[in-house]
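*Asks:* fold the stuff below for me.
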Amino acid sequence: METVADYKEIVDEIKANGGENFTRCYQCGLCDAVCPWNRLIDFSMRRVVRQATFGMTDIESEDIWRCTTCGLCPQQCPRDVGQIESGISLRRLATEYGIFPNAVKPLRSVSASLSGAGNPLGEDRQARGDWGKELSVKPFEEGMTLLYFSGCYLSYDPRLKKVARATAAILNSAGIDYGILGNRESCCGESIRKTGNEELFKRLARENIKAFVDSGVKKILVSSPHCYHTFKNEYPEFMVHFEVVHVAQLLAQLIDEGRLVFSGEYSRKVVYHDPCYLGRHNGIYEEPRRVLSQIPGLTLVELPESRETSLCCGGGGGRIWMETVKGERFSDLRVAQAVETGAEVLATACPYCIANFEDSRLALNDENAPEIKDITEIVVEAI
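*Replies:* The predicted structure is shown next:
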């Protein structure tokens, strides 16, 4: 039986791991009202925070691993409790003690792969840039305008390599002088940090920063909102500042400058999904819509929950690596919403969203389910 002294020690440890704001919670319940989990199971972020307040958190529970860090509850919280930071602090405790419930155990192999190969997929580091060979993508050299940081999934996943190639084709078409780091590129570290593994995040961040500085990188283009978020908002913790651009922003700029011209029509009905880390976390809502609305023939419609209230795909917070059983997948709900719009294509701008939506589309087994596309894939078809 834990003593009062034990409870105080746990509370102090949670605070030391970044959860110092959790004591502000006065149990209003607004976080539970907006949490996507409550559409599927009996889950309460308010309960997790309440238990942490009294040092009674069960770090063996799967509940502390459910948060996708989607950002819906912090924007509703009247007390700035910092639910995401509080949850991560609990995960840091669990990671420190090596306590992982069954659904979270894949994190062990993910962490090992990140440590050894610089990616979470267990793939060969030397093959990281192979996706660009058929397009003659060059290694980045000092003096180039732009570094394209493709990220882990676009470098290795067969489906997502298509997004990297579409991006490269657009850059080539626009005449941009760019290159990639290839095997000098490591995972950005954003998602492993959200699982509580701060030490591994710092190691990956330092590897990338060294590669950026040694190569003379000044401006970085990314396809993943998670890479965007960590390069822009978290890497400055290491006293470095790079100009970071998401591909949606670059596409909008190229269209405005007349450097990206559409020669064909894309005569399809498209619905756009806002990724959490592009939208809520970084406020990029307009650029993807501006790009899609400029494509001849394309009819753009909205999902019932969009922009600030967009429904999470379920991949953030490291959940992309954890086991989520059938019936508990946010992406199933999102694809079903897309079907209701009558759209032929569900477009987005995040590799995690694409991976989850592709899985849900297959599971739904509905002939009316839309194709899943990154916005770059649609742009390439239109040029």
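*Asks:* mind listing the helices for the stretch 151-300 of the chain?
*Replies:* 152-156, 158-173, 190-194, 198-215, 225-229, 247-256, 286-293 (DSSP state H, counting those that start in this stretch).
*Asks:* can I get the CA coordinates of the last one in CSV?
*Replies:* Spelled out, that is helix 286-293. Listed next in CSV are the C-alpha coordinates belonging to helix 286-293 (Å, rounded to 0.1, in the frame of the first residue of the first chain):
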residue,chain,number,x,y,z
GLU,A,286,-5.6,27.8,-45.8
GLU,A,287,-2.7,26.8,-47.9
PRO,A,288,-3.8,23.2,-48.7
ARG,A,289,-7.3,24.4,-49.6
ARG,A,290,-5.9,27.2,-51.8
VAL,A,291,-3.8,24.7,-53.7
LEU,A,292,-6.7,22.3,-54.2
SER,A,293,-9.1,25.0,-55.1
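*Asks:* hmm, who's touching that helix?
*Replies:* Contacts to helix 286-293, defined as CB atoms under 8 Å, 6 or more residues apart in numbering, come from residues 246, 248-249, 251-252, 255, 270, 272, 274, 278, 298, 300, 347, 349, 375, 378-379. The C-beta positions use only the backbone N, C-alpha and C, and glycine is treated the same way.
*Asks:* quick check: angle from that helix to helix 247-256?
*Replies:* 50 degrees (axes from the mean of the first three to the mean of the last three CA atoms, to 10 degrees).
*Asks:* list the contacts for the closest residue to Gly327 other than its chain neighbours?
*Replies:* Leaving out its chain neighbours, the residue that sits closest to Gly327 by CB to CB, 6 or more residues apart in numbering is Leu40, at 6.8 Å. Counting by CB under 8 Å, 6+ apart, Leu40 touches 327-328, 330, 333.
*Asks:* which one of those has the most neighbours?
*Replies:* Highest neighbour count within the contacts of Leu40: Phe330, with 23 neighbours (other CB atoms under 10 Å).
*Asks:* show the pLDDT at that residue.
*Replies:* Predicted confidence (pLDDT) for Phe330: 97.
*Asks:* name the nearest residue to it, sequence neighbours excluded.
*Replies:* Closest to Phe330 by CB to CB, 6+ apart is Gly314, at 3.7 Å.
*Asks:* that neighbour: neighbour count?
*Replies:* So Gly314, with other CB under 10 Å, has 30 neighbours.
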